[in-house]
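Visitor: Fold the following.
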Amino acid sequence: MREIYETVAELVEEYGTNDPMELADALGVMVRFDDLGSLSGMYLEYHGQPLILINSNLEEHDQMFACAHELGHHVQHRNLIKEPFMCSFKIFDFRDRTEYEANLFAAHLLIDEDELMELLTEGNDVFHAAMILEVNPALLNIKLSDMNREGFDFDTSWCSTRLY
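Guide: Reported below is the predicted structural model:
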């Protein structure tokens, strides 16, 4: 899934930020907050205008993740939207390839590889690193698993994610 990593790197370089809210704005995607109940976020197009809805009841770092995930759908899956909307009911649903790819996009966007390597080299375990980076440990596992495909050897067996 090197292409997702490269897409994220190109976006970050082009727009000078890894903040998903700023990237959404730069890409012409409106971001709105509302009480979405148990739903974290949703990506949809309304009259051709891409829109990310984020649950206003989430903690800020969870809102950032939801935005990054939904932005992943915009960048990676916009051509798949045939229904009036596409939404994420289960962000960590690894049985669905599009959800996994949106999570991988979010992992690469939100987790700086150099910062992660520094934290792990300093002796932090994955859970402590996730806490410092303010990301879900499962999202960090996705990042580490993808880094393993590039030649690293991180133990990712602690998280039972099904990776594609």
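
Visitor: Every contact and neighbour count from this point should use C-alpha atoms.
Guide: OK.

Visitor: so where's this structure uncertain?
Guide: Residue ranges of the chain with pLDDT under 70: 80-95, 158-164.

Visitor: same thing but 50
Guide: Low-confidence segments of the chain, defined by pLDDT under 50: 85-92, 94, 161-164.

Visitor: Tell me which residues are up against stretch 117-126.
Guide: The set of residues external to stretch 117-126 that reach it, using C-alpha atoms under 8 Å, 6 or more residues apart in numbering, is 129, 137, 140.

Visitor: Select from those the one having the most neighbours.
Guide: Scoring those on neighbours with other C-alpha atoms under 10 Å, the highest-scoring entry is residue 140 at 24 neighbours.

Visitor: At which residues are the strands of this structure located?
Guide: Using DSSP state E, the strands of the chain run over residues 30-34, 41-46, 49-55, 85-88.

Visitor: Format these as a markdown table; extra columns: mean neighbour count and distance to residue 105.
Guide: As requested, the strands of the chain are arranged in a markdown table below (neighbours: other C-alpha atoms under 10 Å; distance: least, C-alpha to C-alpha, whole Å):
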| stretch | mean neighbour count | distance to residue 105 |
| --- | --- | --- |
| strand 30-34 | 15 | 18 |
| strand 41-46 | 22 | 14 |
| strand 49-55 | 21 | 15 |
| strand 85-88 | 17 | 14 |
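
Visitor: Make CSV from those strands and add distance to residue 2 to it.
Guide: Shown next, in CSV, are the strands of the chain (distance: least, C-alpha to C-alpha, whole Å):
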stretch, distance to residue 2
strand 30-34, 27
strand 41-46, 24
strand 49-55, 25
strand 85-88, 23
